[in-house]
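Q: kindly return the folded structure for what I paste below:
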Amino acid sequence: MQVALSRSMVGGRSTGLQQLLLKENSNFEEELTGDSEPVHRPLNTARTSVGMYGILINKIQAATQQWSSKFLSYAGRIQLLNTVVFGLKNFWCAIALLPKSVLKTINKMCKTFFGNIADNDRRMVDKSWSSIYSPLAEGGFGVKELLSWNKALISKWLWLIDQPHQGLWSAWHKAYHLSSCSIWDTTIQDRFTESFRSIFIVKDDLLAATGSPTAAKTLLQDWCTRYKFTVTTSYNWFRPRSPTIHWHKAISQKVVIPRHDIISSLAYQKKLATIDKLTLKGLMIPNWCILCKKDNESHDHLFFDFSFSRVVWQELMDWNHLAGRSNTIDRSWSGACNGK
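A: Residues are numbered from 1 along each chain as shown. This is a model prediction of the structure:
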């Protein structure tokens, strides 16, 4: 039985097997279909340049520029970053480690899209972009940190090639690249592809953190659930950590819609773009509340001191048969976290 060359399929595109073998030794590009335009990724042994990632950068830039013209809430922007933009990056991150310049460019585009950066932008968020990468339990918005997620995906290939069972992918690399030796006893070589070099870079990071191949292997096994590698667990190990906040459970619940969740988180950290904070940034605007036109606009004024806010709080306290009323955000959340 022979292979029907005319019916061979690579990435959803019909091609001959002979052409595939010829391109594999030169500059074959794998295609990801499912879109009107394929996503190309070079798989040759030469080191990739920044220009090879132009398709990825252009797709993310086109998406963020199109969305920037729409009036989206912070929750809507986070949702788009975690779905559409993350889906574009996820395919590339699963193949090899992205260059630092590419990561910097993507992060800059995402930061500009989320904060709608402009000198006179009234909706500007006073929040560090690095803290947005933290999960909700640590005061962030749950956006995946790109470098850590990239390493987490590559670590799955390191775990797979170290397994005793012989899958097609691991068996070929062990025979061709590793010469039937353990990956922990092999050093990186020039003949390796960019994807295979990335596995060795992640391996060196694990060895530097754990101190020995045995400890590194144990760490990889700890990231498994029911004999399957869990990328999320690996990502939690690679990502930067922040202290857990005590008020997280008071606002992050299933019944709370994302928009209210993010606004509450920003309000507690006093990161909303209120007039008192905008004037400190040098904006020349009237320093009074736009609703009552009497007092200065601040977080505590909008949520507690404003006349309508006082009525809402009083109705809530009477409805729950509670006495007293908080007059600051800090005291309000402290009472909510303590069940008061």
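
Q: and the pLDDT for residue 7?
A: At residue 7, the predicted lDDT confidence score is 45.

Q: does the nearest residue to residue 222 once chain neighbours are set aside count as helix, strand or coil?
A: Distance criterion Cβ to Cβ, 6 or more residues apart in numbering; nearest residue to residue 222, sequence neighbours excluded, is residue 233 at 7.7 Å. Every residue, glycine included, has its C-beta placed from N, CA and C. Following DSSP: H, G, I helix; E, B strand; the rest coil, we place residue 233 in the helix state.

Q: next, count neighbours for residue 233.
A: 13 (other Cβ atoms under 10 Å).

Q: domain map for this structure?
A: 1-44, 49-145+240-246, 153-237, 274-337 (automatic domain parsing).

Q: and the residue positioned nearest the centre of the chain, what does it touch?
A: The centroid of the chain falls nearest to residue 144 when counting by Cα atoms, centre = their mean (1.6 Å). By Cβ atoms under 8 Å, 6 or more residues apart in numbering, residue 144 lies in contact with 82, 86, 133, 235.

Q: check residue 173 too.
A: For residue 173, the contact set (Cβ under 8 Å, 6+ apart) comprises 161, 196.

Q: and it, what helix or strand is that in?
A: Counting by DSSP states H and E, the element that carries residue 173 is helix 168-176.

Q: output that helix as CSV, nothing but the C-alphas.
A: Output of helix 168-176 as CSV, limited to C-alpha atoms (Å, rounded to 0.1, in the frame of the first residue of the first chain):
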residue,chain,number,x,y,z
LEU,A,168,5.7,9.2,17.8
TRP,A,169,7.0,12.7,18.6
SER,A,170,9.1,11.7,21.6
ALA,A,171,10.4,8.6,19.9
TRP,A,172,11.6,10.6,16.9
HIS,A,173,13.4,13.2,19.0
LYS,A,174,15.0,10.6,21.2
ALA,A,175,16.4,8.8,18.2
TYR,A,176,17.4,11.8,16.0
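
Q: now this structure, which segments are flagged as low pLDDT?
A: Where the chain drops to pLDDT under 70, the residues are 1-50, 116-129, 166, 322-340.

Q: switch the cut-off to 80
A: 1-52, 68-70, 115-131, 165-167, 180, 246-256, 281-283, 287, 316-317, 320-340 (pLDDT under 80).

Q: could you pull out the helices in the stretch 101-250 of the chain for me?
A: Secondary structure of the stretch 101-250 of the chain (DSSP state H, counting those that start in this stretch): helices at 129-132, 146-161, 168-176, 194-210, 213-222, 231-238, 248-251.

Q: quick one: closest of these to residue 275.
A: helix 129-132 (23.0 Å; Cβ to Cβ).

Q: list the buried residues for that closest one?
A: residue 132 (16 or more other Cβ atoms under 10 Å).

Q: what sits against the residue lying closest to residue 216 once chain neighbours are set aside?
A: Nearest non-adjacent residue to residue 216, counting by Cβ to Cβ, 6+ apart: residue 206, 4.3 Å away. Going by Cβ under 8 Å, 6+ apart, residue 206 touches 155, 158, 216, 219, 220.

Q: most neighbours out of those residues, which is it?
A: Of the contacts of residue 206, with other Cβ under 10 Å as the count, residue 155 tops at 26 neighbours.
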